[in-house]
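S.K.: need a structure here:
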Amino acid sequence: MRLILVSAVGLALFLWPFFGWGATAADGPAFALALACALGLLAIELGTRELDARRLALLAALAAIDAGLRMALVTGIGGFSPIFFLVLCAGWVFGPSYGFLVGSFSLLVSALATGGIGPWVPYQVFAVGWVGAVAGLAGRFRQPRFGWRDALVLAAVGAIMGWVFGALMDIQVWVNGFRGSDAGWTPGAPVAVSLVHFWRFYVLTSLAYDTFRAAGSAAMVVLLGAPVVAALERVRMRFTAEILPA
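M.R.: Sure thing, here's the model as predicted:
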């Protein structure tokens, strides 16, 4: 329920152009809102004991490693970025809320480390967080051992969320730079018209670019997913192990 509430706030940031809920999203309040949601979810998870000190330390380590990968390999083929790989694996093993936290804090850490704070960051926080959350939902049906079936499922999640991430991030570009055409944003237009216009804009400008992201994320899962997921599974088992009294 808490992840649903946080996600509802994020959806409002993305959906307002289609429903005419406002003129534009202010950069400052949007960034503060995204940060508050991420920290709020973190605090709630800590309060419910689902995120103990060990899981919190692992979260910090994963976010730091992911941020480092993003800074080291920020330029890839097309829209490919390695940041999604660890987010997918963490969500798959530890669940939707944990996956969301790994994704959102990875973006926040890398943005702060590189000084890349801008109007896009709040949207990235939610969009990459949802990558981990969806992987966590899919991971609930995983097999005891990460085999080819699980690898293909997680790779499919990575591919689909690669396109979803690109489409979500294109909304602000569409609103701010493209108006007055069959593929542009028209304030106050009916929802159906806005959706059609955005779909045209996305196919024309970003679909091919985002396909590199989708294919790259899927390829990383297929090639590297098994050892990383196995390592995270071992860590999870140690975290959940209980010492029985003699």
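S.K.: Give the buried residues for stretch 165-180.
M.R.: 165-172, 174-175, 178 (16 or more other CB atoms under 10 Å). (Each C-beta comes from the backbone N, C-alpha and C, glycine too.)
S.K.: residues in contact with stretch 102-114?
M.R.: Stretch 102-114 is touched from outside by 34-35, 38, 42, 59-60, 62-64, 66-67, 70-71, 83, 86-87, 90-91, 116-117, 121, 124-126, 128-133, with contacts defined as CB atoms under 8 Å, 6 or more residues apart in numbering.
S.K.: worst-scoring helix or strand of the chain, pLDDT-wise?
M.R.: helix 27-47 (a mean of 61; mean pLDDT, DSSP states H and E).
S.K.: helix or strand right after that one?
M.R.: helix 53-72 (DSSP states H and E).
S.K.: hmm, who's touching that following helix?
M.R.: By CB under 8 Å, 6+ apart, helix 53-72 touches 46, 51, 81-83, 85-87, 90, 94, 98, 101-102, 105-110, 113-114, 235, 239.
S.K.: Identify those among these that sit within helices.
M.R.: 46, 83, 85-87, 90, 94, 98, 101-102, 105-110, 113-114, 235, 239 (DSSP state H).
S.K.: Buried among these? Make that a ChimeraX selection.
M.R.: Typed into ChimeraX, the line below selects the buried ones among these, using 16+ other CB under 10 Å:
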select :83,85,86,87,90,94,98,101,102,105,106,107,108,109,110
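S.K.: Pick out the residue closest to the middle of this structure.
M.R.: Geometric centre of the chain, nearest residue: Val128, 1.5 Å, by CA atoms, centre = their mean.
S.K.: and that one, what is it in contact with?
M.R.: Per CB under 8 Å, 6+ apart, neighbours of Val128: 83-84, 87, 103-104, 106-107, 165.
S.K.: Fine by me, thanks again.
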